[in-house]
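Undergrad: Pasted the sequence and its predicted model underneath.
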Amino acid sequence: METVAECVFGIVERLTLSQLLPRIKEPESLALQVVNLLLYGMFATESAITQEIEKEEGQMIDTVIQVLLAAFILTEDVIKLLRVPFQVEHWRHYQYPLWFMSVTGFFELIGSIAVIYGVWNRYLAVGAGVLFVILMPRCLFMPIFFGQTNLL
């Protein structure tokens, strides 16, 4: 254990003297370099470390998009379940029964909650995706058949 502590101390001391004090690197960059060295070892190439960092950044972007999608769908679900007047008018225009609006809102609510929990459990995210694939043809085809939608 003493040897590990000496190695870590030596790494930090050497990087501080050679990189931080001459202002070659910022403290955050230096700390990241030390952590990567300890996590991936001295033999890891810099490209492997860079790829791992890029992978983590990509996962963060995916998570943010997933949560934003869930928030938008959740807002729509609440509007359907509360039967807000403009939504009721919209459903009557497309000649849907109002009970179908509540059922659709309930299933979309389940799907949006699954999308949120899908951040931690990918199977829930996949299940929510399948549920939305089943629910969305109504959203796609009904404006084409009943609305005054210009497709071009």
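TA: Great, that's in hand.

Undergrad: rest of the way, CA atoms for contacts and neighbours
TA: Noted.

Undergrad: all strands for the protein, in order.
TA: For the chain, no strands are identified by DSSP state E.

Undergrad: pLDDT-wise, which helix or strand of it ranks last?
TA: helix 2-15 (a mean of 63; mean pLDDT, DSSP states H and E).

Undergrad: isn't Trp91 right up against Pro97?
TA: Yes. Using CA atoms under 8 Å, Trp91 is in contact with Pro97, at 7.4 Å.

Undergrad: neighbour-wise, which of those two wins?
TA: Set Trp91 next to Pro97 and count neighbours by other CA atoms under 10 Å: Trp91 wins out with 16 against 11.

Undergrad: Tyr123 versus the more buried one, what's the distance?
TA: Distance of Trp91 to Tyr123, given as CA to CA, to the nearest Å: 32 Å.

Undergrad: and what of Val115?
TA: 10 Å.

Undergrad: of these two, who's got more company?
TA: Val115 (28 against 14).

Undergrad: Could you pull up the mean pLDDT of stretch 94-108?
TA: Confidence for stretch 94-108, expressed as mean pLDDT, is 87.

Undergrad: For that stretch, C-alpha coordinates in CSV please.
TA: Provided in CSV are the C-alpha atoms of stretch 94-108 (Å, rounded to 0.1, in the frame of the first residue of the first chain):
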residue,chain,number,x,y,z
TYR,A,94,-60.4,14.2,-36.0
GLN,A,95,-63.6,12.4,-34.9
TYR,A,96,-62.0,10.4,-32.1
PRO,A,97,-64.1,9.4,-29.1
LEU,A,98,-63.0,11.3,-25.9
TRP,A,99,-62.5,8.1,-24.0
PHE,A,100,-59.7,7.3,-26.5
MET,A,101,-58.0,10.6,-25.6
SER,A,102,-57.8,9.4,-21.9
VAL,A,103,-56.6,6.0,-22.9
THR,A,104,-53.9,7.4,-25.2
GLY,A,105,-52.9,9.9,-22.6
PHE,A,106,-52.5,7.1,-20.0
PHE,A,107,-50.4,4.9,-22.3
GLU,A,108,-48.2,7.9,-23.3
